[in-house]
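*Asks:* quick one: sequence and predicted model below, then my questions.
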Amino acid sequence: MRSYETMYILSPDLSEEERKGLIERFKNLIIENGGEITNFDEWGKRKLAYPIDKKPEGYYVLMNFNSNSKVSQELERVYKITDGVLRYLIIRTDE
């Protein structure tokens, strides 16, 4: 298994219930596909360096996990089709 780090920024317009639902969805996607989460950190609402979709703030979440490459590809696909995600980044950290 490989080590990955992902950071994603959620829309600040989401309710707390919707935000927690999305975060759980992403965590469950990793776990259900055989991965394990090694570190999880919610940074909370922060000011963006530049507005994204006319929003000056975003809700930042950082997550480290171990999995095979299929899980990271599926996670990226889900990030792309989820409306509440403003930006995301997945990097491999085991090298």
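*Replies:* Okay, I see it.
*Asks:* tell me what the lengthiest strand in the chain is packed against?
*Replies:* Longest strand in the chain, counting residues (DSSP state E): strand 36-52. Contact here means 3 or more CB pairs under 8 Å, 6 or more residues apart in numbering; DSSP states H and E; on that basis strand 36-52 packs against strand 2-10, helix 16-32, strand 55-67. Yep, even glycine has a C-beta here, placed from its N, CA and C like the rest.
*Asks:* show me what counts as buried in the last one.
*Replies:* Taking 16 or more other CB atoms under 10 Å as the basis for neighbour counts, the residues of strand 55-67 that come out buried are Glu57, Gly58, Tyr59, Tyr60, Val61, Met63, Asn64, Phe65, Asn66, Ser67.
*Asks:* circling back to that earlier point, which one of the helices and strands packed on strand 36-52 lies closest to Asp41?
*Replies:* strand 55-67 (4.6 Å; CB to CB).
*Asks:* neighbouring strands for the closest one, and are they parallel or not?
*Replies:* Take DSSP bridges as the rule and strand 55-67 pairs in its sheet with strand 2-10 (antiparallel), strand 36-52 (antiparallel).
*Asks:* make a markdown table from those and add mean neighbour count, mean pLDDT and distance to Ile90 to it.
*Replies:* Converted to a markdown table, those look like this (neighbours: other CB atoms under 10 Å; pLDDT from 0 to 100; distance: least, CB to CB, whole Å):
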| stretch | mean neighbour count | mean pLDDT | distance to Ile90 |
| --- | --- | --- | --- |
| strand 2-10 | 19 | 96 | 5 |
| strand 36-52 | 11 | 95 | 14 |
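*Asks:* in TSV: those strands, plus distance to Val78.
*Replies:* Listed next are those as TSV, based on distance: least, CB to CB, whole Å:
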stretch	distance to Val78
strand 2-10	10
strand 36-52	15
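*Asks:* among those strands, which comes closest to Tyr88?
*Replies:* strand 2-10 (4.0 Å).
*Asks:* run the angle between the closest one and helix 16-32 for me.
*Replies:* Relative orientation of strand 2-10 versus helix 16-32 (axes from the mean of the first three to the mean of the last three CA atoms, to 10 degrees): 170 degrees.
*Asks:* on that earlier part again, among the buried residues of strand 55-67, which two are most distant?
*Replies:* Glu57 and Asn66, at 31.1 Å, using CB to CB across those.
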